[in-house]
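Novice: Everything below, folded, please.
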Amino acid sequence: MTEPVCVGAIAGAFGVHGEVRLKSFTADPVAIADYAPLSTEDGSRRFDVEIIRDIKQGFAARLSGVLTKEQADALKGVRLYAPRDRLPSLPDDEFYHADLIGLPVFDTGGAHLGQVRAVHNHGATDLLEVQRPGAGRTVLLPFTLAAVPTVDLTAGRIVADPPDGLLE
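Specialist: This next block holds a predicted model:
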């Protein structure tokens with residue numbers, strides 16, 4: 001659990017003076033600036049972040065070293081990462097999505113159900129996208145206490161009790 005955590009993404013340029021459209025993936029969206037400097041996935045670039053104002057689906061922001069619209073446009077789609085030790089500690093019943101992705105999922109009887117491929121949230125609750133073993137399909141498992149009674153990061157596994165019919 002020393003890997004950097006993705007905290008945002010650049011959605012393109014905002015204006016003509018090098019500002020960017022910044023999407024924040026943090027629980028408190030404006031807190032993304034608190035975790036700066038942020039780096040690219042490969043660590044080749046680092047940016048200080050200054051939030052300018054709220055805009056639709058994110059923020060207008062200035063990134064250090066980005067001075068022109070062309071430079072901002074070139075960063076479209078770049079994900080921004082913060083070192084894990086700069087992020088707040090979480091209560092026992094909360095998890096960073098990055099910690100869940102890749103974990104194997106077992107049912108309450110110990111049968112392997114698949115592996116977490118992604119975590120989604122479309123409003124009501126988080127959903128774990130679980131890649132079924134030996135199948136090309138995935139299933140969306142509600143990330144609730146009833147459907148996922150145990151997340152054991154130390155052992156690197158999730159125990160699930162999926163709703164009836166979900167895996168058929």
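
Novice: so residue 72 makes contact with residue 22?
Specialist: No: proximity of residue 72 to residue 22 does not meet the contact threshold set by C-beta atoms under 8 Å, at 10.3 Å. Yep, even glycine has a C-beta here, placed from its N, CA and C like the rest.

Novice: Touching both of those two, which residues are there?
Specialist: When contacts are counted by C-beta atoms under 8 Å, 6 or more residues apart in numbering, residue 72 and residue 22 have residue 10 as shared neighbours.

Novice: neighbour-wise, which of the two wins?
Specialist: The neighbour count for residue 72 versus residue 22, taken as other C-beta atoms under 10 Å, is higher for residue 22 (28 against 24).

Novice: hmm, what's the outermost residue in this structure?
Specialist: Note on the chain: the largest separation between a C-alpha and the mean C-alpha position, by C-alpha atoms, centre = their mean, falls on residue 109 (29.6 Å).

Novice: where along the chain do the strands fall?
Specialist: Listed from the start of the chain, the chain has strands (DSSP state E) covering 5-13, 20-24, 38-39, 46-47, 49-55, 58-63, 79-82, 104-107, 112-121, 126-131, 138-142, 150-152, 157-160.
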